[in-house]
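In: structure of the sequence below:
(chains A and B)
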Protein chains: 2
Amino acid sequence: MRLLIVGGSDAGISAALRAREIAPELEVTVVLADDFPNFSICGLPFFLSGETPDWRQLAHRTEFHGIELLRRCTGRRILLRERKLAVEHEPGHIAELSYDRLVIATGARPALPAIEGVDLEGAYPLHTMQDSFQVHEHLDRGVKSAILIGSGYIGVEMADALTHRGIRTTLVGRSATVLPTVEAEIGRLLEAHLAERGVAVHTGHEVLAIERRGERLRVHANPDLRLDADLVILAAGVLPNTELAAESGIALGYRHAIHVNQRMETSDPNMYAAGDCAETWHRLLKRNLYLPLGTTSHKQGYIAGENAAGGERQFAGSVGTQVVKVFDLAVARTGLLAAEATQFGFTPASTSSLDFDHKAYYPGAREIRTILLGDRNTHQLLGANMIGHWQTGIARRIDVLAAALFHSAQVEELNDLDLSYTPPLGSPWDVIQSAAQRWSREAVARQWSREHIL
Amino acid sequence: MRLLIVGGSDAGISAALRAREIAPELEVTVVLADDFPNFSICGLPFFLSGETPDWRQLAHRTEFHGIELLRRCTGRRILLRERKLAVEHEPGHIAELSYDRLVIATGARPALPAIEGVDLEGAYPLHTMQDSFQVHEHLDRGVKSAILIGSGYIGVEMADALTHRGIRTTLVGRSATVLPTVEAEIGRLLEAHLAERGVAVHTGHEVLAIERRGERLRVHANPDLRLDADLVILAAGVLPNTELAAESGIALGYRHAIHVNQRMETSDPNMYAAGDCAETWHRLLKRNLYLPLGTTSHKQGYIAGENAAGGERQFAGSVGTQVVKVFDLAVARTGLLAAEATQFGFTPASTSSLDFDHKAYYPGAREIRTILLGDRNTHQLLGANMIGHWQTGIARRIDVLAAALFHSAQVEELNDLDLSYTPPLGSPWDVIQSAAQRWSREAVARQWSREHIL
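Out: Numbering: from 1, shown residues only, chains lettered A, B, ... in the order given. Model prediction:
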């Protein structure tokens, strides 16, 4: 029995490893378009900053015991009925591979803005190892200034990375605040930190064109902005890579990602999909969305691999958890933003708190800003955002909230959690519990004003 | 209506604040024996190390709006039927205070070993602010060496604190490894770190006597140990302070702590108890134990205050979470130890894993040792221990596990948690998920060996 996997990044390799783990007799073949199986794409900013000097360090693993890897090999056509995959190994050379089960893990590709100049030399996306080599080579030629188009995770991480290299960096984003996946209040705090570190930030700007001006590139944006730099990085999000799957006739879903159920099954009984090419089940919303993330890719690959190998497991769903480190700060979120909650029929109420990461009498205490979101009627916890120094445990505190969201907790239940405490590392009521208490106090006030004023 | 609270530390003040919050019209009086309302007793080691230079910094708060505090006032007798508390304000002067509801939050006292010499000058317990002043004064006289009796949380924290001051420190404990509230494997790692930092550690020793030898004290222990030092600190655990409550006739429970239900009600309908004087509901074991901790005191006080003020809330229970920082390391636990799990009827299986706190390609990655405990039959998560550098997020990772325990998760469900990831702060599968995967792999192997070998 042969399991064939198209894609050698997080989802594909995760599927291969899990399938082998539970069914060691299975023949597992992974077809990957490049030569970089299971490289950490999330690590590209650190390779480019110089903090991770050698790109080879980015390999999540280099041993793939019992898994056949077909490198530099691209899936070209799926023959569903015959259970065959046509692959192009060398240009023009097509071969057919048979399979019993197929996992599609073809990932995503950069969403390049439909403008002039995105393909100029010196303007690069940043999604693959190959992209990073291009940028790296360009940087080595002595770049003094750079423009980042897109103020999402990659944009803000690259602002840190390039500044780290001494490059004068400008960030241009369409959204009103940087990092639009967090609440505007948090985005503005991050913006202030970027500015403090010398990054020029232009929010609310639509890039219109890139043009060459001698040795440099010029970026035109609306309203009324003209910027020149030696390098332009295009980091305006990604789109699911689904041509191969779509041409075979299987169903696409949300934003043209491959439609899957929680078993990671596609509309074809022998085909699974996982990772950035597939939909993601949202645990709170109980519906599929498109949320391409490394953590989700690993999980979906794991589930797809297990089920393709004859197992029985469901993807429990994402609750929208993310974290990013930018200079001295970490910014993290889980659950929904207020606007998303409203859009999906909740009646959200949020509070914003400022608490020390540990008892102020122990040296080195730092403040964490927390926005906590709950439903004003049911008091269901809906989400949280945090920002503060990257060594204040923000990522893990968001994880505690993610675990609470996973279990459909109410805001007040956060208080009941038996969390650890020692003065150098926390408080008897942890930051998330102080935030929950504030939320409850304000909820009482809100209730009172509804009953007595409205 | 008057709420009277005996005890001005974590539980008492927490009860007072919560009662006032939900019933602002309530008259709230707190009777406290000393002059230090709501001081952070957990902070004493840092005051004594010099890291927290002024003891006044240890106050959790200094404002008690709307709460009457009767300082240097000791509860002497409770008249249940009359709902009166006799207090001694000045030596010999007894007054009676009426109450509608009473919260007993009299805390704990050091469990002094029943040996000769515990009351010698230079030998001190460390439980109250007053104790810490005594020790502080003694230290200021130029102590060069110290012996800590007891290798629990206070013992290991004080080993750090005194070494920080340049004092040659010896730790003597009865248990086979230091910090007997964690698994021996973890205790031994901590022991090695203590030794590395110059602390002489003697485990498995019973102290027999303390005697004065000129300017110094000599500690005799069994087997065959004789130690001399300028200062001895007695840190061999605590006992519930329950004389006042017991004399009134209310029921005591586990280890003579005041018996309470999850509403923090005692056997008297108008009397509540909370904190180190009361039993603690264990959420996993579904029974009361004695687990005196600051976090629990705050929570129990909060519940007692709310219910005493006419509210309706249950203490959700402890899952046994604790953390301590010792030199460069943090050690944390949640849930049960293997021996406890066996004692209470589970069939525990544990795994020990070593994983980096974040992707190794990003500078500064450090290893965390995790022991994960699950039930080999039901796969219910039973507990976890972690040890590693104190800046690796161990406390918060244990909190994620505590949240999972709170919700009765299975080990495999840890994999499903949508935890945050960025290379400087984690991995696509976080440490706790790698540990869960190891546990599951070994569980499969255990299952196989039971079916095929046994």
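In: and for whichever residue of the stretch 301-450 of chain A sits closest to chain B, the neighbour number?
Out: When scored by CB to the nearest CB, the stretch 301-450 of chain A has residue A:396 as its residue closest to chain B, at 3.1 Å. Where C-beta positions appear, they are placed from N, C-alpha and C, glycine not excepted. Residue A:396 has 28 neighbours, counted by other CB atoms under 10 Å in any protein chain shown.
In: surely it and residue B:397 touch.
Out: Yes. Assessed by CB atoms under 8 Å, residue A:396 is found in contact with residue B:397 at 5.7 Å.
In: what does the lowest-mean-pLDDT helix or strand in chain A contact?
Out: Taking mean pLDDT, DSSP states H and E as the measure, helix A:431-452 is the helix or strand of chain A with the lowest mean score, a mean of 86. With contact meaning CB atoms under 8 Å, 6 or more residues apart in numbering or on different chains, helix A:431-452 is reached by A:349-351, A:353, A:355-357, A:368, A:370, A:372, A:374, A:376, A:379, A:384, A:386, A:397, A:400-401, A:411-412, A:414-415, A:417, A:419, A:427, A:429, B:21.
In: wouldn't residue A:49 be in contact with residue A:162 here?
Out: Yes. At 7.4 Å, residue A:49 and residue A:162 qualify as touching, with contact defined as CB under 8 Å.
In: in the least confident helix or strand of chain A, what's buried?
Out: By neighbour count on 16 or more other CB atoms under 10 Å in any protein chain shown, the buried set for helix A:431-452 is A:431-440, A:442-443.
In: repeat for stretch A:364-376
Out: Neighbour counts using 16+ other CB under 10 Å place A:365, A:367-376 of stretch A:364-376 among the buried residues.
In: secondary structure for these - can I get that in CSV?
Out: Shown next, in CSV, are the buried residues of stretch A:364-376 (DSSP: H, G, I helix; E, B strand; the rest coil):
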residue, secondary structure
A:365, coil
A:367, strand
A:368, strand
A:369, strand
A:370, strand
A:371, strand
A:372, strand
A:373, strand
A:374, strand
A:375, strand
A:376, coil
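In: need these in TSV with distance to chain B and pLDDT, can you?
Out: Shown next, in TSV, are the buried residues of stretch A:364-376 (distance: CB to the nearest CB, whole Å; pLDDT from 0 to 100):
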residue	distance to chain B	pLDDT
A:365	11	98
A:367	16	98
A:368	12	98
A:369	16	98
A:370	14	98
A:371	16	98
A:372	15	98
A:373	16	98
A:374	17	97
A:375	19	96
A:376	19	94
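In: tell me which of residue A:49 and residue A:162 has more neighbours.
Out: Legend: neighbour count by other CB under 10 Å for residue A:49 and residue A:162, higher for residue A:162 (27 against 20).
In: shouldn't the more buried one be in contact with residue A:169?
Out: Yes. Contact criterion CB under 8 Å: residue A:162 and residue A:169 qualify, at 4.6 Å.
In: now the common contact residues for the two.
Out: The contact lists of residue A:162 and residue A:169 share A:146, A:148, where a contact means CB under 8 Å, 6+ apart.
In: what sits against residue A:182?
Out: Counting by CB under 8 Å, 6+ apart, residue A:182 touches A:190, A:331, A:333, A:337, A:385, A:387.
In: the second one - how many residues pack around it?
Out: What it means is residue A:331. Each residue near residue A:331 was counted by other CB under 10 Å, and the total is 30.
In: that one and residue B:329, how far apart?
Out: Distance, residue A:331 to residue B:329, by CB to CB, to the nearest Å: 28 Å.
In: what's the answer for the last one, then?
Out: For residue A:387, the distance to residue B:329 equals 28 Å [CB to CB].
In: tell me which of the two has more neighbours.
Out: Using other CB under 10 Å, the more surrounded residue of residue A:387 and residue B:329 is residue A:387, with 27 against 22.
In: secondary structure class for the more buried one?
Out: Look at residue A:387: counting by three-state DSSP, its state is strand.
In: residue A:191 is in contact with that one, correct?
Out: No. Residue A:387 lies out of contact with residue A:191 (CB under 8 Å); the separation is 11.0 Å.
In: now the phi/psi pair for the nearest residue in space to residue A:357 that is not next to it in sequence, please.
Out: In space, and not counting its chain neighbours, residue A:357 is closest to residue A:392: 3.7 Å by CB to CB, 6 or more residues apart in numbering or on different chains. Backbone torsions for residue A:392, taken as degrees, to the nearest 10, come to phi -100, psi 10.
In: for residue A:392, what are its contacts?
Out: Residue A:392 sits next to A:330, A:357, A:366, A:368 when contact means CB under 8 Å, 6+ apart.
In: again, only this time at 6 Å
Out: A:357, A:366, A:368 (CB atoms under 6 Å, 6 or more residues apart in numbering or on different chains).
In: picking that back up, gap between the residue of the stretch 301-450 of chain A closest to chain B and residue B:396?
Out: Counting by CB to CB - residue A:396 and residue B:396 are separated by 3 Å.
In: and what of residue A:29?
Out: In terms of CB to CB, residue A:29 sits 40 Å off from residue B:396.
In: ditto for residue A:259
Out: Note on residue A:259: its distance to residue B:396, by CB to CB, is 36 Å.
In: can you pull the poorly scored residue ranges out of the stretch 51-200 of chain A?
Out: Scanning the stretch 51-200 of chain A for pLDDT under 70 picks out nothing.
In: same thing but 90
Out: A:90-91, A:113 (pLDDT under 90).
In: from it, which residue is nearest to chain B?
Out: Nearest to chain B in the stretch 51-200 of chain A, going by CB to the nearest CB, is residue A:57, at a distance of 3.9 Å.
In: am I right that that residue falls within a helix?
Out: Yes. Using three-state DSSP, the assignment for residue A:57 is a helix.
In: I'd say it and residue B:361 touch.
Out: Yes. Counting by CB atoms under 6 Å, residue B:361 is a contact partner of residue A:57 at 3.9 Å.
In: between these two, who's got more neighbours?
Out: residue B:361 (22 against 16).
In: relative to residue A:14, how far out is the more buried one?
Out: Plainly put, residue B:361 is 19 Å away from residue A:14 if you go by CB to CB.
In: one more: residue A:64?
Out: 12 Å.
In: and the two? Which one has more around it.
Out: Legend: neighbour count by other CB under 10 Å for residue A:64 and residue A:14, higher for residue A:14 (28 against 17).
In: let me see the backbone angles for that one.
Out: Dihedral pair for residue A:14: phi -60, psi -40, per degrees, to the nearest 10.
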